[in-house]
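Trainee: Return a 3D structure for these sequence lines:
(one chain, ligands or ions: 1)
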Amino acid sequence: MKELKDYKGGHALRTFNLLDEQYHKPVCDMHGDTMIEIKNLNYQYEDGTVALQNVNLTINKGEKIAIMGPNGSGKSTLFLCLNGVYKPTNGSIQVNGEPVTYNRNGLKKLRQIIGIVFQNPDNQLFSADVFQEISFGPMNLGLEKEVVRERVESVLESLHIQHLKKRPTHFLSGGQKKQVAIADILAMKPEVILFDEPTAALDSYHSQLVNDLVDELCEAGITVIQATHDSDYAMAWADRIIVIQDGKVLVKDTPQKVFENVELRKKAYLEEPNVLKMYNCLCKANIIEQTNNPICPKSIDELIKGLE
Ligand SMILES: Nc1ncnc2c1ncn2[C@@H]1O[C@H](COP(=O)(O)OP(=O)(O)OP(=O)(O)O)[C@@H](O)[C@H]1O
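Mentor: Next comes the predicted model:
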């Protein structure tokens with residue numbers, strides 16, 4: 001069993017036990033194996049709104065993907081298609097090489113593989129108390145009561161929220177609801193987790209908790225796809241950024257390539273990451289020689305280390 005680092009200040013998620021029966025996949029270099037293949041995906045809402053148009057994407061196992069784009073560009077709709085809440089109007093989605101089927105069994109199988117943490121936890125939590133809430137998914141999988149209990153306890157412990165176990169879900173604070181919504185999904189042990197703006201409405205302490213958890217999941221080999229408006233975070237965290245606008249994929253590339261494209265940033269209302277601003281200033285002042293260092297580091301920490 002591999003254990004991850006203890007968290008700064010000892011306050012956060014403690015260790016997340018990897019490679020126990022928690023996850024199916026061992027920690028290894030899984031990049032390169034296709035996890036999700038989306039072909040010509042279109043989605044139109046009942047009122048006629050076309051939310052996704054001709055989306056083509058390949059997402060590899062273990063990849064860290066940030067989905068960015070202005071409000072209303074189609075990020076949440078894409079997530080809901082990936083989790084089978086919406087059936088594409090046209091096009092197809094393959095997961096682990098198999099096309100998604102929209103009957104009961106097909107959707108059950110899909111949701112075991114792909115979990116979604118909704119932007120607003122009130123759309124996700126519906127059980128009377130936290131224990132019941134987190135048990136719901138594993139119970140639905142038909143697991144033994146004792147196995148379900150163990151899974152719930154383990155997830156509560158990993159997230160450091162054992163104290164919430166008996167609390168009514170509707171009395172929880174926004175940050176606590178978000179943690180329980182994440183626990184819901186972890187208890188299902190998915191291979192892919194979709195986080196729809198996971199730190200929106202969280203204070204900096206709880207944002208850090210969520211970001212630390214995401215890092216642990218990635219280290220465990222889970223494929224994580226996050227919708228975010230935070231350029232600094234996406235620059236530092238993502239392997240690739242997919243930019244969506246008006247339901248279409250504008251670009252899918254490394255964070256550096258995406259953010260260095262000034263036209264694209266303007267078009268998609270993406271903020272310039274601070275590290276890139278600083279890098280450009282240092283290049284202009286000849287403190288960094290751009291010819292020798294043509295790629296902007298992903299974070300200010302890395303940039304400073306490079307100057308030492
Ligand atoms: N239930 C619905 N019925 C009709 N149109 C919808 C519905 N839900 C979303 N839309 C529309 O679909 C488009 C894409 O919305 P979506 O929520 O996917 O965008 P988003 O990129 O996630 O936005 P945000 O960054 O604001 O969360 C928008 O034009 C939105 O108004």
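Trainee: Any buried residues in the helix ranked longest in the chain, and which?
Mentor: Looking across the chain with DSSP state H, the single longest helix is helix 204-219. Buried residues in helix 204-219, counting neighbours by 16 or more other C-beta atoms under 10 Å, are found at 206-218. Quick note: C-beta positions are derived from backbone N, CA and C, even for glycine.
Trainee: what's the model's confidence in it, averaged?
Mentor: Averaged across helix 204-219, the pLDDT comes to 87.
Trainee: Over to stretch 150-161?
Mentor: 90.
Trainee: Can you add distance to the ligand and give the buried residues of helix 204-219 back as CSV?
Mentor: Converted to CSV, those look like this (distance: C-beta to the nearest ligand atom, whole Å):
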residue, distance to the ligand
His206, 19
Ser207, 17
Gln208, 22
Leu209, 22
Val210, 17
Asn211, 19
Asp212, 24
Leu213, 21
Val214, 18
Asp215, 23
Glu216, 25
Leu217, 21
Cys218, 22
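Trainee: hey, where'd the helices end up in the stretch 1-150 of the chain?
Mentor: If DSSP state H, counting those that start in this stretch is used as the criterion, the helices of the stretch 1-150 of the chain fall at 75-82, 104-113, 130-140, 145-158.
Trainee: Looks like Ser231 contacts Val275 (just checking).
Mentor: No: using C-beta atoms under 8 Å, Ser231 makes no contact with Val275, being 9.5 Å away.
Trainee: Within range of the ligand, give me the residues from this structure.
Mentor: Taking C-beta under 6 Å from any ligand atom, the part of the chain that reaches the ligand is made up of 45, 47, 49, 51, 69, 71-77.
Trainee: again, only this time at 5 Å
Mentor: 45, 47, 49, 51, 71-77 (C-beta under 5 Å from any ligand atom).
Trainee: Show me where the protein has its strands.
Mentor: 34-44, 50-60, 64-68, 90-95, 98-99, 114-117, 192-196, 223-227, 240-245, 248-253 (DSSP state E).
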